[in-house]
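>>> Mind folding the following:
(one chain, ligands or ions: 2)
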Amino acid sequence: MGFFRELGDRVVGAPSILAADFANLAEEVHRAQAGGAELVHFDVMDNHFVPNLSVGPVVAASLVKATNLPVDAHLQVERPDSLIPAFVEAGVTSICVQPEAATHLHRTLAAIRGAGLEAGCALSPTTPPEILEWVFPYLNYVNVMSVNPGFGGQRFITEMVEKVRRVREMTCLPIQVDGGISARTAPLMVEAGARVLIAGSAVFQGDPAAEMQRLIKSGRRAL
Ligand code: DX5
Ligand code: ZN
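Ligands and ions are numbered 1, 2, ... in the order given. Take a look at the predicted model:
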């Protein structure tokens, strides 16, 4: 099975560690877990697909050992194929790629699933959901990005509520939302069909347990 296959219609919280204190990563994740987090969102950035640079498989492997939560790697990189084996080896349970950066998307998703992991696609704000039309059978989840990939703490792009609704009409796969998700924006996204609430700054800029709990509660109220 797997996290996304077993999710059903639940609303869950996934802290994005990009906004965490990297010197205390395990502790930060434990705090978010105390507030109800069920999945860890791990942002990988390469300074090519996005202007920012973050962490890679070595840090993922350490984090996997330090938490009992599943770790979901969001690859915001060019040529994601070459990184997949290292993330599989690191022990993450799912990998999400940007179709804009994958030359042969079917092959990329097949490589992730072939390794026994769940596979996702993250759509940048202006990428039409129709790009996924022929790969739904090879996907376990869709990430609708509500900011441009690359940085935490950006402003929520309101039009993405309608995009979630469109993706919901196209598939019954679980939808994650990523970018500017807070106790204010989460209900809008859940109402439109999102079930996995990814949040960085909204969780780690305050007390991670309390903020995680607040976010999940506000999302669940919209069900
Ligand atoms: C942006 C990342 C997000 C980011 C979200 O490229 O994919 O996961 O950490 O950060 P917030 O929640 O601060 O918008
Ligand atoms: Zn992300």
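>>> what residues are up against the residue nearest in space to the middle of the chain?
Central residue of the chain (Cα atoms, centre = their mean): His41, 5.2 Å from the mean position. Residues near His41 by Cβ atoms under 8 Å, 6 or more residues apart in numbering: 14-17, 72, 74, 178, 198, 200. For glycine as for every other residue, the C-beta is placed from the backbone atoms N, C-alpha and C.
>>> beta partners of the residue of the chain found nearest ligand 2?
Going by Cβ to the ion, ligand 2 is nearest to His74 of the chain, at 3.8 Å. Beta bridges link His74 to Asp43, Cys96, judged by DSSP bridges.
>>> would you say the residue nearest to the centre of the chain is within a helix?
No - assessed with DSSP: H, G, I helix; E, B strand; the rest coil, His41 is strand; it does not lie in a helix.
>>> near ligand 2, which residues of the chain show up?
43, 74, 178 (Cβ under 5 Å from the ion).
>>> just to revisit the earlier point, neighbours around the residue of the chain closest to ligand 2, how many?
27 (other Cβ atoms under 10 Å).
>>> Same check on Ala199?
Neighbours of Ala199 using other Cβ under 10 Å come to 31.
>>> Pretty sure it sits against Ile181.
Yes - applying Cβ atoms under 8 Å, one finds Ala199 in contact with Ile181, separated by 4.4 Å.
>>> any shared contact partners between those two?
Common neighbours of Ala199 and Ile181 (Cβ under 8 Å, 6+ apart) are Leu215.
>>> what bridges to the closest residue to Glu38 other than its chain neighbours?
Excluding its sequence neighbours, the residue lying closest to Glu38 (Cβ to Cβ, 6 or more residues apart in numbering) is Val12, at 4.5 Å. Going by DSSP bridges, Val12 is paired in beta bridges with Val196.
>>> quick one: Val12 and Leu197 touch, right?
Yes - counting by Cβ under 8 Å, Val12 does reach Leu197; the two are 7.0 Å apart.
>>> residue ranges of the helices in this protein, please?
25-34, 57-66, 84-90, 105-114, 160-170, 186-192, 201-204, 208-220 (DSSP state H).
>>> Now do Met1, the pLDDT please.
Met1 is assigned 88 on the pLDDT scale.
>>> With the one 10 residues further on instead?
For Val11, the pLDDT comes out at 98.
>>> That one contacts Leu223, correct?
Yes - between Val11 and Leu223 there is a contact at 6.2 Å, judged by Cβ under 8 Å.
>>> So those two - more neighbours on which side?
Each of Val11 and Leu223 has its neighbours counted (other Cβ under 10 Å); Val11 has more, 22 against 11.
>>> how about stretch 57-77: buried residues?
57, 59-61, 63-64, 67, 69-77 (16 or more other Cβ atoms under 10 Å).
>>> Report how many residues lie close to the nearest residue to Leu39 once chain neighbours are set aside.
Leaving aside its sequence neighbours, Leu39 sits nearest to Ala14 (Cβ to Cβ, 6+ apart; 4.1 Å). Ala14: 31 surrounding residues under other Cβ under 10 Å.
>>> Can you give me every residue that contacts Ala14?
Residues in contact with Ala14 (Cβ under 8 Å, 6+ apart) are 37-41, 72, 176, 196-199.
>>> So which residues on this protein come close to ligand 1?
16, 18-19, 41, 43, 74, 76, 147, 149-150, 152-154, 178-181, 198-202 (Cβ under 6 Å from any ligand atom).
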